[in-house]
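J.: Here you go, sequence then predicted model.
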Amino acid sequence: MTLATPALLLNPFGASSDAGRSSAFLVLAAFILSFLFIRTSARMIRAEVSWWPGNVETESGLHLHHLVWGISLMVIAGFLGFAFEGDKPWAQIVAIFFGIGAGLTLDEFALWVHLDDVYWSDQGRISLDAVVLVASFMALVVLGTKPFGLDEASSVIGTSVVVLQALVLATVAFLKGRIGLGIVAIFIPLSGIWASCRMAKARSPWARRFYGEEKIARAQRRFPPDRRSVRVRERFFDLIGGRTEPADGQV
């Protein structure tokens with residue numbers, strides 16, 4: 001028991017856990033910490049704290065968004081991950097770098113979608129949605145839950161069918177703005193059928209593309225802005241991400 005203690009401290013899942021879950025835990029931890037750090041940094045810059053370093057800019061005044069550093073870290077970590085093929089301690093180091101890069105990149109996910117600096121606007125809240133979604137997915141995998149129902153299928157064809165249905169149905173749920181139901185669809189086979197049949201939120205991509213005025217009005221009544229769950233979500237996002245403001249006041 002004494003000899004196993006150091007291993008247990010290094011591996012929160014126990015000595016019998018595989019290296020994959022250990023690396024996944026490091027990715028998750030680095031992802032969350034890097035997101036919290038960069039979001040705190042952005043809020044300090046927004047508040048014009050004098051002693052906090054400002055944005056990174058070139059001599060010509062070009063603002064280098066932190067997703068640039070995040071993407072660069074992810075590319076380097078991905079290459080090194082293939083190069084070292086899981087050799088210790090490089091696998092753990094690469095996992096940490098990849099998690100940091102993912103946190104920096106997804107904090108500006110809205111920039112991917114809108115191709116505009118909407119960081120502090122209502123549109124920028126999609127970045128927080130993405131971070132919560134990815135962190136939830138990572139956490140479930142780290143805890144031992146297999147995505148796409150992979151433990152339910154025993155053949156290549158069966159596995160392909162299970163994965164395909166999960167991807168399609170979860171994507172529909174995400175496009176409808178039903179993030180929680182989409183996550184459930186990834187991990188519980190066929191549950192996405194129910195999720196994909198639910199009404200889309202009025203401001204979701206699905207509603208904008210497929211709903212007419214009458215159905216959008218129904219969606220607005222179903223998900224009013226003063227709905228309790230909406231208020232709780234906004235307070236949570238205000239806490240971790242800061243309050244939104246008009247688009248011309250961005251960092």
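T.: Sure thing, it's come through.

J.: Could you point out which residue ranges in the protein have low pLDDT?
T.: Flagging of the chain using pLDDT under 70 yields the residue ranges 1-19, 86, 146-156, 158, 226, 246-251.

J.: That one: helices as residue ranges?
T.: 5-10, 19-46, 66-84, 90-106, 109-114, 125-142, 156-175, 179-187, 191-197, 205-210, 213-222, 228-241 (DSSP state H).

J.: so which of those helices comes closest to Pro53?
T.: Closest to Pro53 of these is helix 19-46 (Cβ to Cβ; 7.9 Å). Just so you know, the C-beta spots here come from the backbone N, C-alpha and C atoms, and that holds for glycine as well.

J.: And the closest one, what does it pack against?
T.: Secondary-structure packing of helix 19-46 (3 or more Cβ pairs under 8 Å, 6 or more residues apart in numbering; DSSP states H and E): helix 90-106, helix 125-142, helix 228-241.

J.: Tell me the buried residues in that helix?
T.: Neighbour counts over helix 19-46 (16 or more other Cβ atoms under 10 Å) mark 21-32, 34-35, 38-39, 41-44, 46 as buried.

J.: Likewise for stretch 113-131?
T.: By 16+ other Cβ under 10 Å, the buried positions in stretch 113-131 come out as 117-121, 123-131.

J.: Just the C-alphas of stretch 165-179, formatted as CSV.
T.: Extracted C-alpha coordinates of stretch 165-179, given in CSV (Å, rounded to 0.1, in the frame of the first residue of the first chain):
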residue,chain,number,x,y,z
GLN,A,165,-26.8,8.3,-35.2
ALA,A,166,-25.2,9.9,-32.2
LEU,A,167,-23.4,12.5,-34.3
VAL,A,168,-26.4,13.3,-36.5
LEU,A,169,-28.9,13.5,-33.6
ALA,A,170,-26.6,15.4,-31.3
THR,A,171,-25.8,17.9,-34.1
VAL,A,172,-29.5,18.6,-34.6
ALA,A,173,-29.9,19.2,-30.9
PHE,A,174,-27.0,21.6,-30.8
LEU,A,175,-28.3,23.5,-33.9
LYS,A,176,-31.6,23.8,-32.1
GLY,A,177,-29.9,25.4,-29.1
ARG,A,178,-30.6,22.4,-26.9
ILE,A,179,-27.0,22.0,-25.6
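
J.: can you give me how far that stretch is from the chain middle?
T.: Averaging C-alpha positions (Cα atoms, centre = their mean, to the nearest Å) puts stretch 165-179 15 Å from its chain's average.

J.: ok, and what's touching it?
T.: Residues from elsewhere that reach stretch 165-179 (Cβ atoms under 8 Å, 6 or more residues apart in numbering): 129, 132-133, 147-149, 181-183, 185-186, 189-193, 195-196, 198-201, 203-207.

J.: Give me the buried subset of the residues you listed.
T.: Here, 16+ other Cβ under 10 Å leaves 129, 132-133, 147-149, 181-183, 185-186, 189, 191-192, 195-196, 199-201, 204, 206-207 buried among these.

J.: Between its first and last residues, how far does stretch 99-112 reach?
T.: 18 Å (Cα to Cα, to the nearest Å).

J.: Would you indicate which residues of that stretch are buried?
T.: Buried-residue list, stretch 99-112, by 16+ other Cβ under 10 Å: 99-111.

J.: What is the distance between that stretch and the centre of its chain?
T.: 8 Å.
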